[in-house]
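> Sharing a sequence plus its predicted fold:
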Amino acid sequence: MKKGKQEAIRWLRQAEHDLKVAEHNMSAGFYSDVCFMSEQASQKALKAYLIHRTGRSPWGEHSIQVLAKRCAEFNGKFREIARLGGILDRLYIPTRYPDALAPPAAPYEAYILEDAENALRIAKRILETVKEEFEKEGLK
């Protein structure tokens, strides 16, 4: 297996772990953390796909929407994910930093069950799409 493919699988494994962390946080009611870890799982899964397709990591890019658009250049399935990516992009910073929200709320107080459910649903869809494409191409 080529080094790029091994690296892609490594990134996907981390994405799967991050998704499990998000699910664990959901069971604990830590909704801002679910949102952030869903974003992180999605970002890493899309980077895994791009590493697989290009042989290199898109360093410095954190936007789910931008990453999904790049993936769509190789596979049209990612066009709809690019649209959904904008939702996760809005969760990257304010889920972690109190100064990213209007006072007096801190991130752990600002996010609710519906936010977490939506973020987790999108992340699962992104990971499923990447995993399906990896399986089609014999990567596991």
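That came through fine.

> Which elements pack onto the lengthiest helix in the chain?
Of all segments of type helix in the chain, defined using DSSP state H, the longest is helix 3-28. The helices and strands touching helix 3-28, judged by 3 or more CB pairs under 8 Å, 6 or more residues apart in numbering; DSSP states H and E, are helix 31-54, helix 113-136. Backbone N, C-alpha and C define where each C-beta goes, glycine included.

> okay, the angle between it and helix 31-54?
For helix 3-28 against helix 31-54, the angle by axes from the mean of the first three to the mean of the last three CA atoms, to 10 degrees is 170 degrees.

> For helix 3-28, buried residues please.
Buried residues in helix 3-28, counting neighbours by 16 or more other CB atoms under 10 Å, are found at 5, 7-9, 11-12, 14-16, 18-19, 21-23, 25-26.

> Averaged pLDDT, it. What do you get?
Per-residue pLDDT values across helix 3-28 average out to 95.

> where in the chain is pLDDT low?
Applying pLDDT under 70 to the chain flags the ranges 1-3, 140.

> So for it, the centremost residue is which one?
Averaging the C-alpha coordinates of the chain gives a centre point, and the residue nearest to it by CA atoms, centre = their mean is S42 (1.1 Å).

> mind listing what that residue touches?
15, 64, 85, 88, 122-123, 126-127 (CB atoms under 8 Å, 6 or more residues apart in numbering).

> Which pair of the residues you listed spans the longest distance?
The largest separation in those, counting by CB to CB, is between A15 and G85 at 14.3 Å.

> distance of T129 from G138?
Separation of T129 from G138 (CB to CB, to the nearest Å): 17 Å.

> if I pick Y92, what's in contact with it?
Taking CB under 8 Å, 6+ apart, we find Y92 in contact with 36, 39, 62.

> That one in helix, strand or coil?
Y92 carries the three-state label coil when classified by DSSP: H, G, I helix; E, B strand; the rest coil.

> so I112 touches Y31, yeah?
Yes - with contact defined as CB atoms under 8 Å, I112 counts as touching Y31 (6.0 Å).
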